[in-house]
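no sequence on this one, just coordinates:
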């Protein structure tokens, strides 16, 4: 049996850079998405599974999610302000969730 192909779905798994990275060899902005092989070209060989502090695995299950209004709101604000940091997005989401819980009546 052939695998069903999902339109616009890359063959290889993508990894997104979680935070800005400064090294003597260069600077990489949070939010960049590349395959494992492309990241190996940038940083040399390393164990991708041990690098969760730097990378987010954008596997199929994570890409297809229910509509998340809070995420969409945070994304729109970050886009409007020209911000890219994944760690700041996570912090913004946590603050919003805490505020909502605190002010629920």
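Right, received. Where do you want to start? Note that the structure is predicted; figures quoted are calculated from it, not measured. Numbers count the residues shown, from 1 in each chain.

do you know how far residue 53 is from residue 19?
Distance from residue 53 to residue 19, counting by CB to CB, to the nearest Å: 8 Å. Glycine gets a C-beta too; all of them are placed from N, C-alpha and C.

who's more crowded, these two?
Neighbour count, other CB atoms under 10 Å: between residue 53 and residue 19, residue 19 has more, with 16 against 8.

Kindly indicate whether that one is helix, strand or coil.
coil (DSSP: H, G, I helix; E, B strand; the rest coil).

per-residue pLDDT, it?
Note for residue 19: predicted pLDDT of 87.

who's in contact with it?
Shown in contact with residue 19 (CB atoms under 8 Å, 6 or more residues apart in numbering): 30, 54, 85, 86, 87.

Contacts only, for residue 96.
70, 73, 74.

Looking at those, which one is closest to residue 34?
residue 74 (23.1 Å; CB to CB).

Give me the nearest residue to that closest one, chain neighbours excluded.
Of all residues not flanking residue 74 in the chain, residue 92 sits nearest, at 5.2 Å (CB to CB, 6 or more residues apart in numbering).

Distance check, the one you found against residue 78.
Taking CB to CB, one finds residue 92 at 8 Å from residue 78.
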